[in-house]
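Peer 1: Here's my sequence, what's the structure:
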Amino acid sequence: MNYIDNEFVNSMSKNQSYLVPDPDNLPVGMTFPTKDVAMQCVKEYHMHNSTSFVVAHSDSTRWIVHCKNKNCMWRCRILNGKKSNIWKITKLEGPRTCSSTMVSQDHQQLSSAVICESILQIVTAKPTISVSVLIAHIRSRYTYTTTYRKTWIAKQKAIERIYGTVTDIEVGPFIEDGQRVPSKAVFHRLFWSFQLCIRGFDHCKPVVSVDGAWLYGKYRGTLLMAIAQDGDGLTIPIAYAIVEGETSDGWFFFLSRLRMFVTPQPNLCLISDRHESIKSAVRRVNNNWHHVFCVRHISQNFMRTFKNGLMKDIVTNMAFVHSGYAMTQPSITYFRRQISDWSQDAVKWLDDIPKEQWLQAYDEGRRWGHMTTNLSECMNNVLKGTRNLPISSLVQATYYRVTAKFEERGTHAQAMMTSVKELVRPPNGRLVETFKVDLDKRWCDCGEFQALHYPCSHVIAACSFIHCDYMMYVSSKYTLQCIFDVYKEEFPAIPIQSYWPEYNGIELCHNQAMRRDPKGRPQSTQPSSSMTSSRLINQISTLIVVSFTIFTITTPDLISTALRQSSFELRGQFQLKRKGMIDGLSLQ
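Peer 2: Next up is the predicted model:
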């Protein structure tokens with residue numbers, strides 16, 4: 001879905017419409033709304049005819065160019081009318097007597113600025129579009145194949161045109177005469193959530209998966225996310241935060257506000273990796289999280305510790321992963337005995353992890369079958385294309401993407417409420433076994449009943465034998481009504497920016513300590529890192545740092561206030577074009 005400034009798109013539409021009507025001819029008298037449009041048209045004319053030009057004169061009223069070949073007499077003069085402010089071709093000398101001598105797939109006039117104008121609307125509609133697709137677009141439009149670097153630079157220019165630029169300015173001192181300047185603050189952390197997601201979580205499984213992903217824009221930082229799942233197996237992002245890194249303080253900032261404002265329900269299961277900073281933050285929060293670990297991350301740490309190929313195959317393919325998913329305690333004992341035959345140290349390493357935090361047979365059904373952090377990691381990939389955007393645009397992107405999903409899923413759930421087709425699975429040839437079923441305790445020897453909160457085939461058979469409706473043992477989280485309740489409300493529309501009230505408040509400034517090296521392209525992939533080591537980011541201790549928290553975003557007025565209606569505007573990660581502070585935030 002489009003999540004950019006509509007006023008900006010409308011202003012650009014007239015520029016995009018002024019293309020050369022006949023690429024073989026630039027007639028005298030042709031007019032252009034701006035100088036940039038005139039330059040764009042002349043460049044496209046030369047690219048179409050495989051010729052080049054040089055600029056003889058350029059100022060606010062005149063733009064004169066002539067052929068690059070000195071033996072060619074072609075010359076063009078474009079003037080700006082004093083009264084109409086319209087640029088017009090007033091003189092053409094020629095004819096053109098030269099042809100291109102270039103032996104190249106590229107063109108001199110096909111600059112990154114020209115490419116930026118060509119791809120602006122494409123990037124506007126889809127900021128996550130890849131550079132290779134843009135290169136193909138340029139090839140189809142101009143018949144030239146430009147370089148990856150030039151196209152990437154053009155895409156960055158287009159993003160800056162849409163979302164703003166990053167510039168380093170002198171914001172002045174934050175401390176004067178030993179006192180903090182009350183009108184200034186440094187951006188440190190941000191937490192936000194949407195009211196409909198908070199309400200929808202009441203109808204989701206009581207499981208929250210958390211994970212972090214690097215920002216790869218002009219400033220360093222980490223995006224933390226909390227993801228839930230509805231009864232239909234669809235993911236719902238319920239909270240976000242931008243922090244300085246995956247530190248204990250950063251995770252505590254996120255988890256404490258997640259628990260306080262988004263997930264106050266008792267007996268919630270929190271799934272994460274074994275990052276030391278997360279474990280430390282959970283202990284600091286101290287509010288009855290049932291903290292469990294991702295089995296895949298435990299497997300990675302295990303393989304990193306015991307470097308044995310044969311053991312790796314046995315543990316990964318038979319014992320470790322399967323013991324993580326095994327639903328009965330006897331099966332855990334069987335797989336553990338196989339591991340001990342290879343290494344007692346490996347068994348001791350596993351025994352050091354509390355069983356209830358990684359074995360499904362011991363978690364008392366709190367996981368609801370979720371053994372990994374795939375819920376949150378899949379959202380990392382979904383938001384990857386937005387993690388290089390300015391913070392205000394990133395928040396806006398999360399709003400529009402969640403809005404689109406709620407609308408789509410709400411329509412689907414409404415349709416299912418009126419028309420449902422029951423499917424019967426044919427027998428799959430499994431061996432006949434005997435399992436004990438205790439309906440009062442909601443127990444089956446296979447373990448599936450208590451782990452998934454859903455009747456297994458043995459429970460259904462037992463209910464059929466005693467003429468009991470097995471649906472009474474299905475958790476309400478799986479019902480159509482509960483799934484529909486997640487998405488039944490609609491997100492409000494954001495009003496046009498010109499209707500937003502002005503804001504006069506504290507000046508929020510970028511944190512220069514988080515600025516990346518301005519040279520080169522920022523790293524766009526997050527390397528694999530150890531799950532047991534923390535990534536620390538040093539802070540400048542002399543800065544007065546303020547943390548912000550958005551409690552909930554409930555109405556168009558509040559979300560517009562939280563995103564951009566405050567007089568400051570983060571137009572390039574932490575850069576301000578106006579002054580102010582997000583309304584509805586708390587200071588830490």
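Peer 1: residues touching the residue positioned nearest the centre of the chain, list them.
Peer 2: In the chain, the centroid-proximal residue (Cα atoms, centre = their mean) is residue 383; its distance is 2.1 Å. Neighbouring residues of residue 383 by Cβ atoms under 8 Å, 6 or more residues apart in numbering: 213, 223, 225, 397-398, 401. (Each C-beta comes from the backbone N, C-alpha and C, glycine too.)
Peer 1: show me the contacts for residue 229.
Peer 2: Neighbours of residue 229 in contact, by Cβ under 8 Å, 6+ apart: 204-205, 207, 235-236, 370, 375.
Peer 1: Distance of residue 188 relative to residue 211?
Peer 2: 21 Å (Cβ to Cβ, to the nearest Å).
Peer 1: for residue 196, same thing?
Peer 2: Distance from residue 196 to residue 211, by Cβ to Cβ: 22 Å.
Peer 1: what's the closest of the contacts of residue 383 to residue 509?
Peer 2: Ranked by distance to residue 509 (Cβ to Cβ), the contacts of residue 383 are led by residue 223 at 20.9 Å.
Peer 1: isn't there a strand covering that closest one?
Peer 2: Yes - per DSSP: H, G, I helix; E, B strand; the rest coil, residue 223 lies within a strand segment.
Peer 1: right, and it touches residue 245 too?
Peer 2: No - taking contacts as Cβ atoms under 8 Å, residue 223 lies outside contact range of residue 245: 11.0 Å.
Peer 1: out of those two, which sits in the more crowded spot?
Peer 2: Neighbour count, other Cβ atoms under 10 Å: between residue 223 and residue 245, residue 223 has more, with 23 against 20.
Peer 1: Find the residue closest to the more buried one in space, skipping its chain neighbours.
Peer 2: Nearest residue to residue 223, sequence neighbours excluded (Cβ to Cβ, 6 or more residues apart in numbering): residue 213, at 5.1 Å.
Peer 1: pLDDT on the strand or helix carrying the one you found, on average?
Peer 2: For residue 213, the element it lies in under DSSP states H and E is strand 207-214. Taken as a whole, strand 207-214 has a mean pLDDT of 89.
Peer 1: just how off-centre is that strand within its chain?
Peer 2: Centroid separation for strand 207-214 versus its chain: 12 Å, with Cα atoms, centre = their mean, to the nearest Å.
Peer 1: Provide the strand pairings for it, with the direction of each partner.
Peer 2: strand 222-229 (antiparallel), strand 269-272 (parallel) (DSSP bridges).
Peer 1: Can you name the residues in contact with that strand?
Peer 2: Residues contacting strand 207-214 (Cβ under 8 Å, 6+ apart): 220-229, 238, 246, 254-255, 258, 263, 268-273, 278, 366-368, 370, 373-377, 379-380, 383-384, 387, 526.
Peer 1: Now stretch 135-146: average pLDDT?
Peer 2: 87.
Peer 1: For that stretch, which residues meet the burial criterion?
Peer 2: Within stretch 135-146, the residues scored as buried using 16 or more other Cβ atoms under 10 Å are 135, 137-138, 142, 146.
Peer 1: One more: stretch 346-364?
Peer 2: 346, 349-350, 356-361, 363.
Peer 1: and the end-to-end length of it?
Peer 2: 25 Å (Cα to Cα, to the nearest Å).
Peer 1: And the average pLDDT for it is what?
Peer 2: On average, stretch 346-364 scores 80.
Peer 1: chain center to it: distance?
Peer 2: Worked out by Cα atoms, centre = their mean, stretch 346-364 lies 33 Å from the chain centre.
Peer 1: Then stretch 185-203?
Peer 2: On Cα atoms, centre = their mean, the centre of stretch 185-203 falls 15 Å from that of its chain.
Peer 1: for stretch 30-47, same thing?
Peer 2: Worked out by Cα atoms, centre = their mean, stretch 30-47 lies 37 Å from the chain centre.
Peer 1: Name the residues of that stretch that come out as buried.
Peer 2: Neighbour-count burial for stretch 30-47 [16+ other Cβ under 10 Å]: 30, 32, 35, 37-47.
Peer 1: Out of the contacts of residue 383, which comes closest to residue 483?
Peer 2: residue 401 (19.7 Å).
Peer 1: check which helix or strand covers the closest one.
Peer 2: helix 391-418.
Peer 1: Just after that helix, pick out the following helix or strand.
Peer 2: Counting by DSSP H and E, what follows helix 391-418 is strand 437-438.
Peer 1: helices and strands around that following strand, which ones?
Peer 2: Under the contact criterion of 3 or more Cβ pairs under 8 Å, 6 or more residues apart in numbering; DSSP states H and E, strand 437-438 touches strand 443-444, helix 457-465.
Peer 1: Give the partner strands of it in its sheet and their orientations.
Peer 2: Strand 437-438 is paired, per DSSP bridges, with strand 443-444 (antiparallel).
Peer 1: How is the protein divided into domains?
Peer 2: By the record's domain assignment, the chain is partitioned as 1-103, 164-294+372-588 (automatic domain parsing).
Peer 1: Now that residue 444 has come up, it's in contact with residue 459, right?
Peer 2: Yes - counting by Cβ under 8 Å, residue 459 is a contact partner of residue 444 at 5.7 Å.
Peer 1: and for those two, which residues touch both?
Peer 2: With Cβ under 8 Å, 6+ apart as the test, residue 444 and residue 459 both reach residue 437.
Peer 1: Can you tell me which of the buried residues of stretch 135-146 lies closest to residue 495?
Peer 2: Using Cβ to Cβ, the buried residues of stretch 135-146 come closest to residue 495 at residue 137, 33.4 Å.
Peer 1: mind checking the SS state of that closest one?
Peer 2: helix.
Peer 1: Now do the contacts for it.
Peer 2: By Cβ under 8 Å, 6+ apart, the residues touching residue 137 are 118-119, 122.
Peer 1: Mind doing that once more with 7 Å?
Peer 2: Neighbour list for residue 137: 119, 122 [criterion: Cβ atoms under 7 Å, 6 or more residues apart in numbering].
Peer 1: quick one on the thing from earlier: same list (the contacts of residue 383) but as CSV, adding distance to residue 514.
Peer 2: Below are the contacts of residue 383 laid out as CSV (distance: Cβ to Cβ, whole Å):
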residue, distance to residue 514
213, 16
223, 14
225, 20
397, 20
398, 20
401, 25
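Peer 1: Now list the buried members of the residues you listed.
Peer 2: Here, 16+ other Cβ under 10 Å leaves 213, 223, 225, 397-398, 401 buried among the contacts of residue 383.
Peer 1: I figured residue 80 hits residue 58, correct?
Peer 2: No - when contacts are counted by Cβ atoms under 7 Å, residue 80 is not listed as touching residue 58 (11.4 Å).
Peer 1: The two - which one has more neighbours?
Peer 2: Set residue 80 next to residue 58 and count neighbours by other Cβ under 10 Å: residue 80 wins out with 18 against 13.
Peer 1: related to what we said a few turns ago, lowest-confidence stretch among the domains of the chain?
Peer 2: Across the domains of the chain, domain 164-294+372-588 gives the lowest mean pLDDT, at a mean of 71.
Peer 1: What about residue 64, how many residues nearby?
Peer 2: 15.
Peer 1: Quick one: residues contacting residue 205.
Peer 2: Neighbour list for residue 205: 228-229, 368, 477 [criterion: Cβ under 7 Å, 6+ apart].
Peer 1: Quick check: PyMOL command selecting the buried ones in those residues.
Peer 2: To isolate the buried members of the contacts of residue 205 in PyMOL, using 16+ other Cβ under 10 Å:
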select buried, resi 228+229+368+477
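Peer 1: Of the contacts of residue 205, which is the nearest to residue 507?
Peer 2: Nearest to residue 507 among those, with distances taken as Cβ to Cβ, is residue 228, at 36.4 Å.
Peer 1: nearest residue to the closest one other than its sequence neighbours?
Peer 2: Here the residue nearest residue 228, using Cβ to Cβ, 6+ apart, is residue 204, at 4.4 Å.
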